[in-house]
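Student: Here is the input, now give the coordinates:
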Amino acid sequence: MYSKIRTLSDTLSLNKTSINLPKDAVLDAIIMKVSLTIANASGGAYSATGLDVLAALQEVRVISDGSTVHYALNGKDIAILNAFDGLFGSAPVAKDTVSIDDSASATKTYILVLNEGDILAVTKDSLELKAVFNTTLATGVTVSAATITVSVSENVYTPEEFVVKYGAGLEAAAEPKVYALSTGITANTELTGIIDLPTGTLHRRGVMTFTDASGVYGNADPGNVGLIVTSPDRRELLNVDYPTLRGILGYKHVVEGAPPVGCAIFNYAMEVASDGYGLRGWRWTKGDYQLAVKTANAGTLRYISCEHVVNARAFEAAERALIEGTPGF
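Tutor: Below is the predicted model of the structure:
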């Protein structure tokens, strides 16, 4: 077995929104260099954050065999996920600022990484990376050009090594399924369920982003966030003061002292299941597990659900799935 990183010759752009990813190894991570040229014809200076600029990346999808979705996120989602990743964690995109004079343009480049688990590309008939662009950032402010240069980190196994890792029938395989759910929040006085955790998969972590009616981060933060079980009896698995949770995350991830504004994360694999795997979503029905908030602020929650698709029967028998073939990439 050996690992490699290579930059692909195919790129994504405003005119080319889909490329094929290689299928001759296990895909460990997808690294995207996103370059956006922003033209300002608004009649005044344009000031924004890196996250504002990444609104240009409306959706990124990684799809295998035509219908299996491994990632379905926007540019902001990926940048926020990356703020909790890496050896020490960082939030460069969220902290970046952009200023463009009227009748001027500028090009901003960001590195975004999809690294929530291994995709067994060698077993696929097709594997695609797709992008949907939003070319209007604000009135008179547009994206005039966009290029995404794609690199991949791969693990190469001999057939014998592959069987040892994943099983002859892929019974130890675990592939990422990462996507976002959104819901409105109304003010309440107690910890209240607002999103049902999906069923059927292994839930490893979930990222919460809170915005107000204008889409501003940090203006609709809750008082407490939690995870509740509703059946057969109500139990609070997590119920944490929100500023305290953000402080814990800053301590654990060293995210330049604090996570991005308006954002927090629950690591179910470590904080609830405590086994590195996570919550077994095939053990409950819809509504049994809920993400919950107690808040005085109305707003919107966007929840990034980081799941793995596993062979549930094989997992229950062996209590084993290969989440990552190699640490890091």
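
Student: so Leu137 sits in a strand?
Tutor: Yes: counting by DSSP: H, G, I helix; E, B strand; the rest coil, Leu137 falls inside a strand.

Student: Mind listing residues that contact stretch 317-328?
Tutor: Residues from elsewhere that reach stretch 317-328 (Cβ atoms under 8 Å, 6 or more residues apart in numbering): 3, 26, 28, 87, 117-118, 155, 165-166, 171-174, 202, 204, 276-277, 308, 310-311, 315. Using the backbone N, CA and C atoms, a C-beta is placed for each residue, glycine as well.

Student: go with 6 Å
Tutor: Ser3, Val26, Gly117, Asp118, Asn155, Lys165, Ala172, Ala174, Val310, Phe315 (Cβ atoms under 6 Å, 6 or more residues apart in numbering).

Student: so what's the fifth one bridging to?
Tutor: For Asn155, the beta-bridge partners under DSSP bridges are Ser3, Val26.

Student: lowest confidence element among the helices and strands of this protein?
Tutor: Across the helices and strands of the chain, mean confidence by mean pLDDT, DSSP states H and E is lowest for helix 92-95: a mean of 74.

Student: In it, which residues are buried?
Tutor: By neighbour count with 16 or more other Cβ atoms under 10 Å, helix 92-95 contains the buried residues Val93, Ala94, Lys95.

Student: Any chance of a markdown table for those, columns distance to Leu14?
Tutor: Shown next, in a markdown table, are these (distance: Cβ to Cβ, whole Å):
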| residue | distance to Leu14 |
| --- | --- |
| Val93 | 20 |
| Ala94 | 25 |
| Lys95 | 27 |
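
Student: what's the closest of the residues you listed to Ser231?
Tutor: Distance to Ser231, by Cβ to Cβ, is smallest for Ala94 among the buried residues of helix 92-95, at 37.1 Å.

Student: what's near enough to touch that closest one?
Tutor: Leu51, Ala83, Pro260.

Student: all helices for the stretch 151-300 of the chain, in order.
Tutor: Taking DSSP state H, counting those that start in this stretch to define them, one finds helices in the stretch 151-300 of the chain at 159-166, 242-253, 268-271.

Student: where does the stretch 201-329 of the chain dip in pLDDT?
Tutor: For the stretch 201-329 of the chain, the stretches with pLDDT under 70 are 254-257.

Student: so Leu127 makes contact with Pro22?
Tutor: No: counting by Cβ atoms under 6 Å, Leu127 does not reach Pro22; the two are 7.7 Å apart.

Student: Would you mind telling me which of these two has the busier surroundings?
Tutor: Leu127 (22 against 13; other Cβ atoms under 10 Å).

Student: Check the gap between that one and Glu190 for me.
Tutor: Remark: distance between Leu127 and Glu190 (Cβ to Cβ, to the nearest Å) = 45 Å.

Student: Next one: Val132, what pLDDT does it get?
Tutor: Note for Val132: predicted pLDDT of 98.

Student: who's it bridged to?
Tutor: Glu59.

Student: ok so, going back, will you turn the contacts of Ala94 into JSON lines that also has distance to Tyr289?
Tutor: Below are those laid out as JSON lines (distance: Cβ to Cβ, whole Å):
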{"residue": "Leu51", "distance to Tyr289": "29"}
{"residue": "Ala83", "distance to Tyr289": "25"}
{"residue": "Pro260", "distance to Tyr289": "26"}
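
Student: Now which of those residues would you call buried?
Tutor: For those, buried by 16+ other Cβ under 10 Å: Leu51, Ala83, Pro260.
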